[in-house]
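>>> I'll drop the sequence and a predicted model, then ask my questions.
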Amino acid sequence: MPPRHFTRYIVIAAVFVCGLIIFSSTSNPSTATVIDAIPYPEVLRDVMPKFTVPNLRWSFQSSAHKPPEQKNSTHGDSSWYSDWKWLNPFSSSVTLDEDRVVLPPLAERPPIYTFYDTSIERDEDTKSIDKDFLLTWRRAWWAHGFRPVILTDAEAMSHPLYQTLHAKGMPASLEQEFRQWLAWAHMGTGMLASWYCLPMGPADDALLSHLRRGQYPELTKFKGLGSGLFAGEKTQINDAIKSALDNVKLSSFKTIADGIDAERFKVEQPTSIAHYDPKTVASKYPILAELMAKDVNKGRRSLNQLMIAHLQVVWQNTFSAGIAVLQPLAAHTFTLVQPSKDLARLLAECPSSILQSSCPPNRPKCSPCTGSKLRITTAPSFRNTSSLFTIAVVPHPYTMITLMNQSDAISVAHIRRHTERDPWITAVTRDLLGDARGGPSRVVALKDAVASEYGEQRSLWFTTEHFPASFNPPPPPPKSPTNEARPAKEEVSPFPEDWLTDLDWHFGFPIPRTTVSHGESLPPVPGPERWAKFPSGLPTERKKASDPNPPTEEQAAIEVDLLRKARKTVNSKDEAVLKIRGVAEAWNLADAEAWKFVKSFRARQVVERLKFEEEESAYETGGVRGNNRWWGS
């Protein structure tokens, strides 16, 4: 019989032996030794493919040096740097400068040309009408991302084939078309359009997007537009001109396109292009055609007015859901967003024309403004909706703090202890990102909404300082009653003319200049309580159930006063003022970045157009350089 606990001893001994076996060192060679022992022919190194691994490091790393200054990168106190790193949450990590903002690279505008014949004698009235047509043409194409350029005989005469035109004995109208094409060929690749040919469609239309790329592998014309629009490269244009001039039937052709072989052309459907040539006007707008037959100048003015009205109607139809005015923190921002609401009401107005309920020739099933008014809403947060146009005012953090606290007596301690961080951008991006995200991700979302190709076409962003300083004047003194049966009207424009002119180029049509009339339709000797509460001519703003209650007159006066003081603080150069402003920006980094980004983005848009006007002014009608073009701006 085995001794007591014999089994237990056996188990312990077995475990001990197993442990020794497992944890004891072995004499097996290491992996490195085995690899070294294997013969590796050097010849294999040459035949093995080599792979290039991309650098996958985080692209938002800080710069080592300040990037160089770029051409036309400042305007007033705004400074920017155009780079693909524009979606970096904070620009200073790229520019190493707190006041220099990173913006997306400026999109290249492909040229589109039209021809103005300076050899024809015209009276002053005709010249004035021509000027209006050319301005309408330039403004519309600029708003859709093109660079509109007006050519004259100066460009045509620079082409080597110009001297051969007179020897061909062609009709005057055909010779004029050849001069247009010679001027176009001299300039090079691009598009050639009639003054009466306009883009009539949304900015993201497939055809307009294709044309904006500026690449035309084939000489292109458009079905049903006649000589309204062509596109092509320089070599194709020159070859087409030579083939037409060499055609034995040249004198029998009515247009240059008739003399060019059909196989040279690629024919496109003009889905978003409208051509108001005499044939189209006679078939679609007979009333206007009759007016032009009776009085040419009056009819042409009405035609220009109709074209402008159609541009606005197409824009309104693009945003069928209406216009949203952002008011994220509604408690004390009624005066802050009032300019946006006034601008929205102007954009929603029905344009005046001789044919109020008509549609563009390429969009016969449009929805005229007279049938359905564009809806205006107040939104607490930005919504990414393609059929909704958004207008927003971005306040400086200091401005927002004073409005929220209803006082300009703001100290550093008050900002740190009694104000939230980045309240404005948090509220604006709540529908996009919810409540859990931080400031950096919200800034990226807002930058994309402001400056991406998609966002820029569907929104318009300002800072408080972009609006004229006179927009928030002190309260006017009370008007005295009058015994006159018809009190004199005091016409007041909601915005300065030069400010609206800049926006005309943004939208592609002139914004209605509705005025505020004080004293209109008032009975004699009215009391203050009977004065008109809304401007006559502007639609009455009806309060919706979801809208916050408007401020009292006293509260509105406080907001106006605070906005005026905040504007001075933001623009001040005083050291003490700059300190409190700097604290407000440091406490609200995301709000401050949003304000700087929008401020610089709008400034660059202004600089781009002004630079375009400056470059075009170098070519006066007839080729004289250094004077302004007479066709206006």
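Arrived safely.

>>> Relative to Leu288, how far out is Asn297?
Noted for Asn297: a distance of 13 Å to Leu288, by C-beta to C-beta, to the nearest Å. Using the backbone N, CA and C atoms, a C-beta is placed for each residue, glycine as well.

>>> wait, Ala13
To Leu288, Ala13 is 113 Å away according to C-beta to C-beta.

>>> of the two, who's got more company?
Leu288 (22 against 10; other C-beta atoms under 10 Å).

>>> and the gap between that one and Lys279?
Remark: distance between Leu288 and Lys279 (C-beta to C-beta) = 13 Å.

>>> list the contacts for Arg300?
Counting by C-beta atoms under 8 Å, 6 or more residues apart in numbering, Arg300 makes contact with Ile129, Phe133, Met292.

>>> I meant to write Val443 there.
Contact partners of Val443, counting by C-beta under 8 Å, 6+ apart, are Pro89, Phe90, Ile425, Ala590, Glu593, Ala594, Phe597.

>>> swap the cut-off to 10 Å and go again
Shown in contact with Val443 (C-beta atoms under 10 Å, 6 or more residues apart in numbering): 87-91, 422, 425, 429, 589-594, 597.

>>> What residues sit buried inside whichever strand or helix holds it?
Per DSSP states H and E, Val443 falls inside helix 439-451. Using 16 or more other C-beta atoms under 10 Å as the test for burial, helix 439-451 gives Gly439, Arg442, Val443, Val444, Ala445, Leu446, Lys447, Asp448, Ala449, Val450, Ala451.

>>> a markdown table for these, including pLDDT and distance to Pro67?
What follows is those, written out as a markdown table (pLDDT from 0 to 100; distance: C-beta to C-beta, whole Å):
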| residue | pLDDT | distance to Pro67 |
| --- | --- | --- |
| Gly439 | 92 | 24 |
| Arg442 | 96 | 25 |
| Val443 | 97 | 20 |
| Val444 | 97 | 20 |
| Ala445 | 96 | 24 |
| Leu446 | 97 | 23 |
| Lys447 | 97 | 18 |
| Asp448 | 96 | 22 |
| Ala449 | 96 | 25 |
| Val450 | 97 | 21 |
| Ala451 | 96 | 18 |
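
>>> could you redo those residues as a markdown table and give each row distance to Lys249?
A markdown table is the format used below for the buried residues of helix 439-451 (distance: C-beta to C-beta, whole Å):
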| residue | distance to Lys249 |
| --- | --- |
| Gly439 | 71 |
| Arg442 | 67 |
| Val443 | 65 |
| Val444 | 62 |
| Ala445 | 62 |
| Leu446 | 62 |
| Lys447 | 59 |
| Asp448 | 56 |
| Ala449 | 57 |
| Val450 | 56 |
| Ala451 | 53 |
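
>>> Which single one of those residues is nearest to Thr318?
For the buried residues of helix 439-451, the minimum distance to Thr318 (C-beta to C-beta) is 17.4 Å, reached by Ala449.

>>> The spatially closest residue to the closest one that is not a sequence neighbour - how many residues pack around it?
Distances taken as C-beta to C-beta, 6 or more residues apart in numbering put Gly455 closest to Ala449, at 4.4 Å, once the chain neighbours are dropped. Other residues lying near Gly455 total 17 when counted by other C-beta under 10 Å.

>>> for Gly455, what are its contacts?
Gly455 makes contacts with Phe382, Asn384, Thr390, Leu446, Lys447, Asp448, Ala449, Trp461, as judged by C-beta under 10 Å, 6+ apart.

>>> Could I get the buried residue list for the helix or strand harbouring it?
Element membership of Gly455, judged by DSSP H and E, is helix 453-458. By 16+ other C-beta under 10 Å, the buried positions in helix 453-458 come out as Gly455, Glu456, Gln457, Arg458.

>>> what does stretch 70-79 give?
Ser73, His75, Ser78, Ser79.

>>> Just put those residues in a markdown table and tack on pLDDT, distance to Asp574 and secondary structure.
Formatted as a markdown table, the buried residues of stretch 70-79 follow (pLDDT from 0 to 100; distance: C-beta to C-beta, whole Å; DSSP: H, G, I helix; E, B strand; the rest coil):
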| residue | pLDDT | distance to Asp574 | secondary structure |
| --- | --- | --- | --- |
| Ser73 | 92 | 27 | coil |
| His75 | 92 | 23 | strand |
| Ser78 | 93 | 20 | strand |
| Ser79 | 94 | 21 | strand |
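
>>> Residue ranges in the stretch 351-500 of the chain under the pLDDT threshold?
In the predicted model, the stretch 351-500 of the chain carries pLDDT under 70 at residues 371, 470-494.
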